[in-house]
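1. Sequence first, predicted coordinates after that:
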Amino acid sequence: MGSYHGLWPKPELDFQDEIKSYESVFRSLRDQLSDVEFYVDSLITEVDQIKRLQGKLQEVDGILAIHFNIGVSSILDETLSLNKPTMVFAVPYSGHEWVHWGQLRNTPKGAKLDCILSSDLSQLAAAVRPFRAIHHLREAKVLNLTTRDFSHQAEQIKDKFGTEIKRIELGDVEQAYMDVDSDAAWSEASRWIKQAEQVVEPSQEDILKSARLALAFEDILNREEATVLTVDCYGSMWDTSIRLPAYPCLGFARLNNLGWGGICESDLRSAVTHILFQGLVGRPGFISDPTVDESNGTIVLAHCLGTPKMEGPDNPAAPYKLRSIMERREGVVPQVQMKQGQVVTQAILADMEKIRYFTGQIVDTPVALSDNRGCRTKITVKVDGDITQLWQNWGDGLHRQTVYGNITRELGRFCRFTDTQLINEAGG
C-alpha cells in the first residue's frame with residue numbers, strides 16, 4: 001500500500017525499490033513460506049484498485065498488506081470492507097496511520113484486522129501463520145475410529161472451521177493391518193528398537209504388531225486423503241483389552257513425527273488444536289492429563305504417548321525409551337524425554353467460542369524407571385502466572401495440548417480472525 005501523494009517518510013520514495021527489497025526478504029523466507037501462494041501480488045495506490053480486485057481477494061485465506069508511506073487509510077478501509085482476515089505490516093517510518101489502528105481494531109470495521117509494527121522483516125512469515133492455520137483447518141480431514149455418536153460435535157467443528165471428521169470402521173483398520181508387508185513392518189519395528197535408548201517392558205512381538213499398525217494408519221490416511229487419525233482406545237475400542245490388533249500409540253507417535261496427526265481417545269477438540277498448532281508453527285501437540293503442585297508453581301503434564309519430534313518433522317528427535325502403557329501394563333509407547341528449559345504453550349479448543357491456554361517453561365522431564373507414578377511421558381512446567389488461579393479457572397475437561405514455544409501472539413491472531421475468545425487460565 002502506498003500513495004503517490006505521500007510525503008513521509010520522504011517525497012521521492014521509490015515504490016519499485018521498496019518492492020524489490022521486500023521480494024528479497026520473501027526469497028530469504030522461502031522455507032517458511034514454501035506452502036504459501038500469493039494469489040494477488042499487487043502494488044495498490046488507489047481505492048479503485050481494491051474494488052477491481054474484489055473478486056480475487058474474496059477467494060484468499062487472508063490479506064497481507066505492507067505499508068509503504070503516508071496516505072493509505074482509504075485503501076486500508078476498502079480492504080477491510082471485504083471482511084477478510086488482514087495483517088498490516090509496517091516498518092518504522094512507513095507513515096503515521098498506525099496511531100489509529102489500535103482503536104480501529106476495536107470497531108466492527110476492524111474486527112478482522114491485526115498489525116505487526118516492526119523492523120524485523122522475518123516477522124513477515126509470522127504474519128502469514130494465522131492464514132495458514134485457517135487454511136489447514138478448512139482443508140483438514142480427521143478420521144475417527146469409534147462406535148460412539150460424534151455427529152453433533154463434528155457438525156459444530158465443520159461449521160466453525162470447515163474441518164471434515166469421518167468415521168472409520170474397525171474392520172477397515174484390521175484389513176489395512178493385514179495388508180501391510182511383513183518386511184516393511186519388521187523394518188519399522190527395528191527402527192524404533194534401534195533408535196530407542198532402552199526397551200523396557202514391550203516384547204519384540206509387541207513392537208512388531210504396533211509397527212505394523214503404524215504403517216496401516218499411514219495407508220488409511222493416504223487412501224482417505226486425510227491428515228489426522230484418532231481412536232476411541234479407552235472407550236468403544238476397548239473391552240477387556242484393546243480391540244485393535246495392537247495399541248495405536250506407536251502409530252500416533254509416527255504420524256506426529258511425520259507432520260500429520262495421531263490423537264488419543266477420540267479427542268476431537270485435541271485433534272483440532274493439534275491441526276491449529278501445525279498450521280501456526282509446524283509443530284505437533286502433546287496431549288496430557290495434568291496434575292498441579294502449588295508448592296512450587298508447577299503443573300505436571302503427563303500422558304503415556306510421547307512424540308519424539310516435538311520440534312517438528314525436519315528437526316532431530318528427542319531421546320525415548322519404549323515402554324508399556326502405564327494403566328494397562330501392555331502395549332508399546334515412546335516415553336519421550338523432552339527438552340528441559342523449553343518454553344511451552346498449553347491450549348485446548350474448549351468449545352467453538354473459546355480457546356483456553358497458559359504458558360510456562362519445562363523444568364523437569366521425569367524418565368527414571370523408579371518414577372512409576374502417572375503416565376510414561378511427563379514434563380514438569382513452571383507456570384507463567386498464578387498456579388492457584390490456573391487450577392481454579394480450569395474448565396472444559398482434562399486434556400490439553402502442549403506445543404514447544406510461546407505462541408500466544410499466533411494464537412491471538414488466529415482467534416481474532418475466527419471470532420474465537422482466547423482465555424489465559426493462569427492470568428500471566
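-> Right, received. Where do you want to start? Residues are numbered from 1 along each chain as shown.

2. just the strands in the stretch 301-428 of the chain please.
-> 320-325, 330-336, 343-351, 354-364, 377-383, 400-404, 421-424 (DSSP state E, counting those that start in this stretch).

3. and Leu13, which of those is closest to it?
-> strand 421-424 (37.2 Å; C-beta to C-beta). Every residue, glycine included, has its C-beta placed from N, CA and C.

4. which residues touch that closest one?
-> For strand 421-424, the external contacting residues (C-beta atoms under 8 Å, 6 or more residues apart in numbering) are Ala350, Glu353, Lys354, Ile355, Arg356, Tyr357, Phe358, Gly385, Asn393, Leu411, Gly412, Cys415.

5. please redo it, this time with the cut-off set to 10 Å
-> Residues from elsewhere that reach strand 421-424 (C-beta atoms under 10 Å, 6 or more residues apart in numbering): 347, 350-351, 353-359, 384-385, 389-390, 393, 395-396, 408, 411-416.

6. Show me how to select, in PyMOL, the buried members of these.
-> What follows is the PyMOL syntax selecting those of those that are buried according to 16 or more other C-beta atoms under 10 Å:
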select buried, resi 347+350+354+355+356+357+358+359+384+385+389+390+393+396+408+411+412+413+414+415+416
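
7. Export the strands of the stretch 301-428 of the chain to a markdown table and append columns for mean pLDDT.
-> Formatted as a markdown table, the strands of the stretch 301-428 of the chain follow (pLDDT from 0 to 100):
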| stretch | mean pLDDT |
| --- | --- |
| strand 320-325 | 95 |
| strand 330-336 | 95 |
| strand 343-351 | 96 |
| strand 354-364 | 97 |
| strand 377-383 | 95 |
| strand 400-404 | 96 |
| strand 421-424 | 96 |
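
8. What separation is there between Tyr4 and Thr79?
-> The gap separating Tyr4 from Thr79 is 18 Å, by C-beta to C-beta, to the nearest Å.

9. Kindly report the same for Pro85.
-> 11 Å.

10. what sits in contact with each of these two?
-> By C-beta under 10 Å, 6+ apart, the residues touching both Pro85 and Thr79 are Ile63, Leu113.

11. if we can go back for a sec, okay if I get the strands of the stretch 301-428 of the chain as a markdown table plus distance to Leu137?
-> Listed next are the strands of the stretch 301-428 of the chain as a markdown table, based on distance: least, C-beta to C-beta, whole Å:
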| stretch | distance to Leu137 |
| --- | --- |
| strand 320-325 | 29 |
| strand 330-336 | 26 |
| strand 343-351 | 10 |
| strand 354-364 | 12 |
| strand 377-383 | 26 |
| strand 400-404 | 14 |
| strand 421-424 | 16 |
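
12. residues near Ser241, how many?
-> Ser241: 10 surrounding residues under other C-beta atoms under 10 Å.

13. give me the low-pLDDT residue ranges for this structure?
-> 368-370, 428 (pLDDT under 70).

14. next SSE after the longest helix seen in it?
-> Taking DSSP state H as the criterion, the chain has its longest helix at helix 204-224. Later in the chain than helix 204-224, the nearest helix or strand by DSSP states H and E is strand 228-231.

15. Can you give the distance of that following strand from its chain's centre?
-> Remark: strand 228-231 is offset 15 Å from the chain centroid, using C-alpha atoms, centre = their mean, to the nearest Å.

16. Check which helices and strands it is in contact with.
-> When contacts are defined as 3 or more C-beta pairs under 10 Å, 6 or more residues apart in numbering; DSSP states H and E, strand 228-231 sits against strand 141-145, strand 164-168, helix 170-179, helix 204-224, helix 249-257, strand 261-263, helix 268-281.

17. Could you look over the ones you listed and pick the most buried one?
-> strand 261-263 (a mean of 28; mean count of other C-beta atoms under 10 Å).

18. for it, packing partners?
-> Using 3+ C-beta pairs under 10 Å, 6+ apart, strand 261-263 sits against strand 141-145, helix 204-224, strand 228-231, helix 249-257, helix 268-281.

19. This completes my enquiry, with thanks.
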